[in-house]
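Chemist: Sequence plus predicted model, see below.
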Amino acid sequence: MLRIAIQKSGRLSDDSIKLFKECGIRFESGSTGKLKSLSTNFPAEFLFLRDDDIPGYVEDGVADLGIVGENVLVESSKNVRVVHQLGFSKCRLSLAIPRSTQWNGVQDLQGRGIATSYPRILGNYLQEHGVKAEIHEISGSVEIAPSIGLADAVCDIVSSGSTLLSNGLKEVEVIFKSEAVLIGSQQLSNEKQVILESLLFRINAVQAAQSNKYIVLNSPVEAIDQIAALLPGMKAPTVVPLKTEGWVSLHSVINENDFWTNIVKIREAGAEGILVIPIEKMIY
């Protein structure tokens, strides 16, 4: 059985639980105050922990796997491996200064004080740019530091930027981009590695579905090759004759990133009655 550590509350917790549910894995979430939950249909036990503690639990072998933000992983500097990029809970670690302060570049922070919960990442960034500054490590409410005279700038996680604005700050430099990652112990038994491969198979099927759409359209027979070239699908489009002579129904899969570019060309080729349908799972 795999022991999987996830954040006990917050956006990363919600996104992690959603992923496992989409993978068909049933368990009770930590919202009820439970600190662990056994899956009823997959060989896994879930531990609900503080995100900062997860890399340590995985390094120590208390948990086999964990889901954390890359920012937490790098800051922790624990001896674990990144098993899979998950693509959700994206954010950035940025420098911010009071809105009234002019910004010419990171050299402006020479000799200044910076408040942050990420001293390792910030320290590495400043060192790379040859800047010596005083780093004030604080665990929360970083944005208030300039207004109370603790620091001249802050380095904190940014999603929308609204928190910075409400505290009279402006974002001036992105120093690290982060997303959720699945991390794993360096010492997984062969039996647990087999279960992990099964889990990754499910995760890949869910992720592939999220970035693709199923498309159905009516096409003149003479336009099949032209339209099929724009819709390669998983192997090749499915072509079904329609009752109306000279027309077929063409079924395929299209990547979300290509959809709006190709859909114009598909219509110009003569396609009609185009339907775009979400895909729940996609297995190659």
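Modeler: Here it is on my side, so go on.

Chemist: use CA for all of it now, contacts and neighbours both
Modeler: Will do.

Chemist: Which strand residues bridge the closest residue to residue 161 other than its chain neighbours?
Modeler: Nearest non-adjacent residue to residue 161, counting by CA to CA, 6 or more residues apart in numbering: residue 171, 7.5 Å away. In this entry, residue 171 is beta-bridged to residue 96, by DSSP bridges.

Chemist: ok, residue 45 touching residue 36?
Modeler: Yes. Using CA atoms under 8 Å, residue 45 is in contact with residue 36, at 7.0 Å.

Chemist: List the residues that are in contact with both of those two.
Modeler: Shared contacts of residue 45 and residue 36, defined by CA atoms under 8 Å, 6 or more residues apart in numbering, are absent.

Chemist: how near is the nearest residue to residue 13 once chain neighbours are set aside to residue 134?
Modeler: In this structure, residue 13 finds its nearest non-sequential neighbour in residue 7, 4.9 Å apart by CA to CA, 6+ apart. Applying CA to CA, to the nearest Å, the value for residue 7 to residue 134 is 31 Å.

Chemist: between the two, which one's more packed in?
Modeler: More crowded of residue 7 and residue 134, by other CA atoms under 10 Å: residue 7, with 24 against 16.

Chemist: Around the residue nearest to residue 161, how many other residues sit close by?
Modeler: With neighbours defined by other CA under 10 Å, the count for residue 171 comes to 20.

Chemist: same check, this time on residue 127
Modeler: Residue 127 has 11 neighbouring residues, counting by other CA under 10 Å.

Chemist: Could you do the one 4 residues further on as well?
Modeler: Neighbours of residue 131 under the rule other CA under 10 Å: 17.

Chemist: Let me know whether it touches residue 105 as I believe.
Modeler: No. Residue 131 is beyond contact range of residue 105, at 10.9 Å (criterion: CA under 8 Å).

Chemist: returning to that earlier point: you'd agree the residue nearest to residue 13 is up against residue 51?
Modeler: Yes. The criterion here is CA under 8 Å, and residue 7 meets it with residue 51 at 5.1 Å.

Chemist: Overlap in contacts, these two.
Modeler: Contact criterion CA under 8 Å, 6+ apart; residues shared by residue 7 and residue 51: residue 68.

Chemist: Tell me the helices and strands packed up against the helix ranked longest in the chain.
Modeler: Across the chain, the longest stretch assigned as helix under DSSP state H is helix 190-210. For helix 190-210, the packing partners by 3 or more CA pairs under 8 Å, 6 or more residues apart in numbering; DSSP states H and E come out as strand 2-7, helix 11-22.

Chemist: Check these for me and report the most buried one.
Modeler: Mean neighbour count (mean count of other CA atoms under 10 Å) peaks for strand 2-7 among the helices and strands packed on helix 190-210, with a mean of 24.

Chemist: mind listing what it pairs with, with the direction of each?
Modeler: strand 44-49 (parallel), strand 65-69 (parallel).

Chemist: That one - what's its average pLDDT?
Modeler: The average pLDDT within strand 2-7 is 96.

Chemist: ok, and what's touching that strand?
Modeler: For strand 2-7, the surrounding residues in contact (CA under 8 Å, 6+ apart) are 13, 16, 43-51, 54, 58, 62-68, 192, 195-196.

Chemist: residues touching the residue of the chain most remote from its centre, list them.
Modeler: For the chain, the largest distance from the centre (CA atoms, centre = their mean) belongs to residue 245, which lies 47.2 Å off. Counting by CA under 8 Å, 6+ apart, residue 245 touches no other residue.

Chemist: quick one: it from residue 220, how far?
Modeler: Relative to residue 220, residue 245 is positioned 9 Å away (CA to CA).

Chemist: Tell me which residues of the least confident helix or strand in the chain by mean pLDDT come out buried.
Modeler: When the helices and strands of the chain are scored by mean pLDDT, DSSP states H and E, helix 162-166 comes last with a mean of 86. Residues residue 164 are the ones in helix 162-166 that count as buried (16 or more other CA atoms under 10 Å).

Chemist: And the contacts of it?
Modeler: With CA under 8 Å, 6+ apart, helix 162-166 has contacts from 96, 143, 170, 171.

Chemist: This protein: helices as residue ranges?
Modeler: 11-22, 54-59, 70-76, 119-128, 162-166, 190-210, 224-230, 256-268.
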